[in-house]
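Chemist: Here is a sequence with its predicted model. Questions after.
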Amino acid sequence: MAPTTSTTEAPAFPVTVAGVVIPERPAAIVSLSPTATEMLFAVGAGDQVIAVDEFSNYPPEAPVTELSGFRPNLEAIAAFGPDLVVMSGNPEEIASGLEALGIPVLIHEAALSLDDAYRQMRQTGAATGHSGAAEELVASIQDEIAGLVDRYADPDLGLTFYHEISDTFFSATSSTFIGTVYSLFGLENIADAADPDGYGYPQLSAEYILEADPDIIFYGCAVWCGTSVDSISGRPGWDELQAVSNGYLFEVDDDISSRWGPRLIEFVRLIGQTLQTLSEAG
């Protein structure tokens, strides 16, 4: 989803967003979350962003710094002179320190559903003076998802899948954001039965996966783990899996699947294209 550059909106401030009072349209935003960074640029607030954390690698023009979203440093953040900080969670309760300095902090927890993601996009727009652009962004994503689901979803097929986060067999269940996207298409997640406590990201075993014998394998960690079609196919016994023998192995970009920002539509498209491939082969 290409970032918008709309700057025509000038809503009245102050505004209250998610309980946070933002007195004026922010002109110096610091983002400590890759997802928040993508949302800020997508709603048209890119020109207002002065610094982002070390892992905010998209869009390319984002002003990446050495700031950490996992171990934020109050002095380092304050040195940028922000009038708004956006972050995911509140590690080390940094928000209270920033607020004591008079800096509003918008905290976005990890989304568990598409509705969560849409709400955060709208909040990002409202907090930065781009409510209209945020509504347009959400509507565009919703419309395209509806079209893809209408075209490709077929629960009657009963297709099972395994989403591999790492080569140590960590996966994501239907209770996670990743899982809810797959659920749109009626796919059955083999990880669900391995997570009775509802953690969301169970570590499966090779034996479990072989027993489940998924129809499709979506794999991440191509960059960090070097996972590939060949490496998966070469695992002991995995050549007997339906997904491997049929060639139904599909790479998923880790950033796109794990972030709940505007590029989530690319994740949805991948699943749709995968089901189209299976349909054509079928």
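Modeler: Ah, there it is.
Chemist: can you pull the contacts of Ala27?
Modeler: Gln48, Asp83 (CB atoms under 8 Å, 6 or more residues apart in numbering). C-beta coordinates here come from the backbone N, C-alpha and C atoms, glycine included.
Chemist: again, only using 10 Å
Modeler: Asp47, Gln48, Ile50, Gly81, Pro82, Asp83, Leu84, Thr128, Gly129 (CB atoms under 10 Å, 6 or more residues apart in numbering).
Chemist: swap in Asp167?
Modeler: Counted by CB under 10 Å, 6+ apart, Asp167 has contacts Tyr219, Gly220, Cys221, Trp224, Cys225, Gly226, Thr227, Ser231, Ile232, Arg235.
Chemist: One more: Leu74?
Modeler: Applying CB under 10 Å, 6+ apart to Leu74 gives the contacts Glu92, Ile94, Ser96, Gly97, Leu98, Ala100, Leu101, Ile103.
Chemist: same check, this time on Asp116
Modeler: Here Asp116 is in contact with His108, Glu109, Ala110, Phe177, Thr180, Trp260 (CB under 10 Å, 6+ apart).
Chemist: Write a PyMOL command that selects only the buried members of those residues.
Modeler: Burial among these is assessed by 16 or more other CB atoms under 10 Å; the matching PyMOL selection reads:
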select buried, resi 108+177+180+260
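Chemist: Format the contacts of Asp116 as CSV; extra columns: secondary structure, pLDDT and distance to Met39.
Modeler: Shown next, in CSV, are the contacts of Asp116 (DSSP: H, G, I helix; E, B strand; the rest coil; pLDDT from 0 to 100; distance: CB to CB, whole Å):
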residue, secondary structure, pLDDT, distance to Met39
His108, coil, 95, 8
Glu109, coil, 94, 14
Ala110, coil, 92, 13
Phe177, helix, 95, 14
Thr180, helix, 96, 18
Trp260, coil, 95, 9
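Chemist: rewinding a little: give me the subset of the contacts of Ala27 that lies in helices.
Modeler: Judged by DSSP state H, the contacts of Ala27 include Thr128 as members of helices.
Chemist: Now the two most distant members of the contacts of Ala27.
Modeler: Gly81 and Gly129 (18.6 Å; CB to CB).
Chemist: Between these two, which has more neighbouring residues?
Modeler: Gly129 (24 against 12; other CB atoms under 10 Å).
Chemist: wait, what's in contact with the nearest residue to that one once chain neighbours are set aside?
Modeler: Among residues not flanking Gly129 along the chain, Arg25 sits closest, at 4.3 Å (CB to CB, 6 or more residues apart in numbering). Residues near Arg25 by CB under 10 Å, 6+ apart: 9-15, 45, 48, 83-84, 127-130.
Chemist: Out of those, list just those in strands.
Modeler: Val15, Leu84 (DSSP state E).
Chemist: need the contact list for the residue nearest to Ala212 when sequence neighbours are not counted.
Modeler: Closest residue to Ala212 apart from its sequence neighbours, by CB to CB, 6+ apart: Ile190 at 4.0 Å. The neighbours of Ile190, taking CB under 10 Å, 6+ apart as the test, are 160-163, 171, 173, 204, 208-209, 211-217.
Chemist: Give me the buried entries from the residues you listed.
Modeler: Members of the contacts of Ile190 classed as buried by 16+ other CB under 10 Å are 160-163, 171, 173, 204, 208-209, 212, 214-217.
Chemist: Now for the residues you listed: which two are most distant?
Modeler: Most distant of the buried ones among the contacts of Ile190, by CB to CB, are Thr173 and Asp215, 17.3 Å apart.
Chemist: how distant is stretch 174-188 from the center of its chain?
Modeler: 13 Å (CA atoms, centre = their mean, to the nearest Å).
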